[in-house]
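Engineer: sequence? don't have it. structure:
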């Protein structure tokens, strides 16, 4: 079964993408489960023409999008509770390697549109190249490049107050 | 005079994807162009911020849960889409489709029936035994005699012609 053969770092990266995409631990859990089921069911559909990791990230992206669509129909129970745990002090069960400003970045990324969020996550969590992101999301390289560019600009505008902390001379 | 802006290539330079020649050109342009410099600074900040994205490690029990789920074939997968009854959305679609078909049938029926009302009976040409000609049941004349002509034989048979 492909999922059980995945290394722990790969599994953790899948979980990280799901967590940052949704901003919600429960949704990340669901997306990870959905991903593992899709992997085990769809392994016969994997063609040797593409890389195995690209295929995996495509499944992650699809699982995230599906879960997001599913949850969009529900109204949050408490006012202000939009299914995002970014305001909470850390995760209850998982651990999050916090860096200075990491929390702000998580918050800003959660406010990006899903279209801009996924390329950013695949780039900076998985470290995929533009080609790999394009293949995973089924987009052209130009589109990926443009979405990343817009994502960077949005992040910079949202977190402009951290400029002095993060921008040093080239 | 007219300079080519380098906004599109500035990310490539920041992420070290651009070649040395291109990087040099971008740096020179940034020194001269205020607009591109502003964009470059913004994207640079965005890239630096995105690199701070923390890695989350999943709770340990999640993997054992998933593996148990995958190993148990008899158990119904949690996320398998359930065969639901008629949801309100699909019901509306069905009602709309059925009413559209009924409406089309009624319209076609009305068109067909309206055409049959104005249908004019065809004129018929008859010759009775006396020799009178009737068109649509009305006698139009009885002068002269009417006979059915016999098919005329060919003057020469094909065999004779061959000989």
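Structural biologist: Great, that's in hand. Just so we're clear, the structure is a prediction, and the values are computed from it rather than from any experiment.

Engineer: And the residue of chain B closest to chain A?
Structural biologist: residue B:46 (2.8 Å; CB to the nearest CB). Any C-beta I mention is one placed from the backbone N, CA and C, and that applies to glycine too.

Engineer: State the number of residues packed around that residue.
Structural biologist: Using other CB atoms under 10 Å in any protein chain shown, residue B:46 is surrounded by 27 other residues.

Engineer: From what I see, it and residue A:150 are in contact.
Structural biologist: No. Applying CB atoms under 8 Å, one finds residue B:46 not in contact with residue A:150, separated by 9.4 Å.

Engineer: Mind pulling up the pLDDT for residue 93?
Structural biologist: Because you didn't say which chain, this covers chain A. Per-residue confidence (pLDDT) for residue A:93: 41.

Engineer: my bad, chain B
Structural biologist: pLDDT for residue B:93: 87.

Engineer: any idea how far residue A:63 is from it?
Structural biologist: Residue B:93 sits 27 Å away from residue A:63, taking CB to CB, to the nearest Å as the criterion.

Engineer: Could you check which of these two is surrounded by more residues?
Structural biologist: Shown here are residue B:93 and residue A:63; by other CB under 10 Å, residue A:63 has more neighbours (25 against 11).

Engineer: list the contacts for the more buried one?
Structural biologist: Residues near residue A:63 by CB atoms under 8 Å, 6 or more residues apart in numbering or on different chains: A:18, A:31, A:34, A:35, A:38.

Engineer: which ones among those residues come in contact with chain B?
Structural biologist: Subset of the contacts of residue A:63 in contact with chain B: residue A:34, counting by CB under 8 Å from any CB of the partner chain.

Engineer: between the contacts of residue A:63, which is closest to chain B?
Structural biologist: Distances from chain B to those, taken by CB to the nearest CB, are shortest for residue A:34, at 5.2 Å.

Engineer: quick one: secondary structure of that closest one?
Structural biologist: helix (DSSP: H, G, I helix; E, B strand; the rest coil).

Engineer: out of everything not next to it in sequence, what's closest to it?
Structural biologist: Once flanking residues are discounted, residue A:34 sits nearest to residue A:63: 4.3 Å by CB to CB, 6 or more residues apart in numbering or on different chains.

Engineer: Report the buried residues of the helix or strand where the one you found lies.
Structural biologist: Element membership for residue A:63, per DSSP states H and E: helix A:52-72. By 16 or more other CB atoms under 10 Å in any protein chain shown, the buried positions in helix A:52-72 come out as A:54-65, A:67-68, A:71.

Engineer: quick check: mean pLDDT across that helix?
Structural biologist: 81.

Engineer: quick one on the thing from earlier: how close does the residue nearest to residue A:34 sit to residue A:144?
Structural biologist: 19 Å.

Engineer: Equivalent analysis for residue A:42, please.
Structural biologist: 23 Å.

Engineer: the more surrounded of the two?
Structural biologist: Shown here are residue A:42 and residue A:144; by other CB under 10 Å, residue A:144 has more neighbours (24 against 14).

Engineer: residues contacting that one?
Structural biologist: Contacts of residue A:144 by CB under 8 Å, 6+ apart are A:119, A:130, A:133, A:134, A:137.

Engineer: Show me which pair in those residues is furthest apart.
Structural biologist: By the measure CB to CB, A:130 and A:137 form the most distant pair in the contacts of residue A:144, at 10.8 Å.

Engineer: the more surrounded of the two?
Structural biologist: Using other CB under 10 Å as the criterion, residue A:130 and residue A:137 rank with residue A:137 on top: 22 against 19.

Engineer: residues contacting that one?
Structural biologist: With contact set as CB under 8 Å, 6+ apart, residue A:137 has these partners: A:58, A:61, A:118, A:119, A:122, A:144.
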